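Trainee: Quick one, what's the 3D model for this:
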Amino acid sequence: MDYLSTPLLERNDVVTLVDLLSRDPTLWRDGSLTAGEFASAVKQNKQLDPESSEAMSGIDLVTRRLVASPLVKSFSLVKRVHSVMFSKCEEGDGYGWHVDNPFSKHGRRDLSFTIFLSNLDHYQGGDLSIQSSQDSHDVRLPPGHIFLYPSTALHCVRPIAQGTRLACVGWIESYVRSSEDRLLLFNLEAGARSLLAKHGRSDELDLIYQSYVNAVRRLSG
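Mentor: Residues are numbered from 1 along each chain as shown. Below you'll find the predicted structure:
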């Protein structure tokens, strides 16, 4: 499965975001209003008004952390982070099986991400489930962790049995459209970095880096 799961936000970042999301309950809107024609029928949650100062401050923080993460940049080859929003699911809420639209007005959706913000003991249920060819992969991560996956994947958010689940979701437009090509490049760069750490610079490693850079150039679109 072409996905990345890793810590992204520091504890202070999570505290800041949760504080922003808790300031004004009147800023939460019906989440189905931002879903596509087919997905709106299976979406039940609340989303923070994207025009509010709280949302804009949170979006700025998350975007800065994403573009500063070497692992996220290597995995996704970030061209643009866009359409970031904050979601709240309470008891009975969830988001049935769906696939993300390929575009928003802000850019192409190559990769989707969920950043978990709530403590795991603050809610039950609410797993992010990603469908593979034969089964599904359920994801429930500690606050501050990101799960990044191809936007082509069928996925859902399991119903909340108890408590409240806060999360940040959004999309990345990559310089490389194909998830298979991105994974190839990610593995190539990871291998080169490991060789550099173990053995230092060499003529052979220079050739590997040259191939990596030119492969990125060739596969970008």
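Trainee: I'd like to know which elements the longest strand along the chain is packed against.
Mentor: Counting by DSSP state E, the longest strand found in the chain is strand 78-89. With contacts defined as 3 or more Cβ pairs under 8 Å, 6 or more residues apart in numbering; DSSP states H and E, strand 78-89 has these neighbours: helix 11-22, strand 46-48, helix 53-68, strand 107-108, strand 165-174. Quick note: C-beta positions are derived from backbone N, CA and C, even for glycine.
Trainee: what element comes up after the first one heading to the C-terminus?
Mentor: In this case it means helix 11-22. Going down the chain from helix 11-22, the next helix or strand is strand 28-30, by DSSP states H and E.
Trainee: avg pLDDT for that next one?
Mentor: If you average the pLDDT over strand 28-30, you get 97.
Trainee: what's in contact with it?
Mentor: 46, 47, 48, 49, 88 (Cβ atoms under 8 Å, 6 or more residues apart in numbering).
Trainee: ok, now stretch 126-144?
Mentor: Stretch 126-144 is touched from outside by 1, 3, 5, 7-11, 13-14, 89, 94, 97, 114-120, 147, 149, 153-160, 165, with contacts defined as Cβ under 8 Å, 6+ apart.
Trainee: mind checking the end-to-end distance for it?
Mentor: When the termini of stretch 126-144 are compared using Cα to Cα, to the nearest Å, they are 16 Å apart.
Trainee: swap in stretch 15-28?
Mentor: Termini of stretch 15-28 sit 19 Å apart (Cα to Cα).
Trainee: Please state the offset of it from the chain centre?
Mentor: Its chain's C-alpha centre lies 20 Å from the corresponding centre of stretch 15-28 when counted by Cα atoms, centre = their mean, to the nearest Å.
Trainee: Thanks again, I'm all set now.
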